[in-house]
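Return a 3D structure for these sequence lines:
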Amino acid sequence: MDGTRDIISERDLVERCIADERHFQEMLYRKYADKMFTVCLTYSDDEDDACDILQDSFIKVFRNLPKFNFDGSFEGWIRRIVVNTALELHRKRLREKENLNVYETYIEPRIDSALDAIHSNELIKLVNELPFKASLVLKLYAIEGYSHKEIAEQLAITVGTSKSQLNRARSLLKESINKLNG
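Numbers count the residues shown, from 1 in each chain. Next comes the predicted model:
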């Protein structure tokens, strides 16, 4: 197989990949994956992210092979896809972080005065009636004093998911308390 990689022209390799010949698709991947993984590491925080970027990039490469017109370097074309995929992931994470920050700022339930009128047993019952993950995050954060990072590690979720579940729990708890107090 490695001997074939050296003999076959780039054009033939691309055409055979477009024809869905798996052997040649694997050959193309093996030829460029290591170089492109190095590029992925340049644009990511860790190896897991780099692996995700590499996988997403090669999916795009194979989907877009028919669009490659051999005007420039094939390796350069693949590299552009890898870099653009890495930047897309970065922009997506920034948007998610911005949305989460807006969500956290916007939703800050004010339940202090409502809590004065509710008995602790009723409050415990309301917390236990929350959706499981929201209830669990609320308990770990508010009762146990865990940070969002610690909760994320314990539950194998992201810090953003922990924050989101806490806000969800607070919001649902506020609704329940308001219903209870009329």
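
where in this protein is pLDDT low?
1-6, 99-118, 182 (pLDDT under 70).

quick check: domain ranges of it?
Residue ranges of the domains in the chain are recorded as 2-98, 110-181, according to automatic domain parsing.

For those domains, give me a markdown table that also has mean neighbour count.
All C-beta atoms are positioned from the backbone trio N, CA, C, and that covers glycine. Below are those laid out as a markdown table (neighbours: other CB atoms under 10 Å):
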| stretch | mean neighbour count |
| --- | --- |
| domain 2-98 | 15 |
| domain 110-181 | 15 |
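
what are the ranges of the strands in the protein?
Applying DSSP state E to the chain gives no strands.

Which secondary structure elements does the longest helix anywhere in the chain sit against?
Across the chain, the longest stretch assigned as helix under DSSP state H is helix 74-106. With contacts taken as 3 or more CB pairs under 8 Å, 6 or more residues apart in numbering; DSSP states H and E, helix 74-106 sits against helix 22-42, helix 47-64, helix 159-181.

cutoff 10 Å now
helix 10-18, helix 22-42, helix 47-64, helix 159-181 (3 or more CB pairs under 10 Å, 6 or more residues apart in numbering; DSSP states H and E).

Mind listing residues that contact the shortest one?
Contacts to helix 10-18, defined as CB atoms under 10 Å, 6 or more residues apart in numbering, come from residues 4-5, 8-9, 21-29, 31, 61-62, 65-66, 68, 70, 73-75, 77.

Tell me what angle it forms with helix 74-106.
Using axes from the mean of the first three to the mean of the last three CA atoms, to 10 degrees, the inter-axis angle of helix 10-18 relative to helix 74-106 is 50 degrees.

ok, D20 touching F62?
Yes: using CB atoms under 10 Å, D20 is in contact with F62, at 9.4 Å.

From what I see, E122 and S176 are in contact.
Yes: applying CB under 10 Å, one finds E122 in contact with S176, separated by 9.4 Å.

and the angle for the longest helix of the chain with helix 22-42?
Per the same axes, to 10 degrees, the angle that helix 74-106 makes with helix 22-42 is 50 degrees.

Now do helix 74-106 against helix 159-181, angle only.
30 degrees.

For the residue nearest in space to the middle of the chain, which residues are in contact?
Nearest residue to the geometric centre of the chain (CA atoms, centre = their mean): R93, 7.3 Å. With contacts defined as CB under 10 Å, 6+ apart, R93 is in contact with D45, D49, G160.
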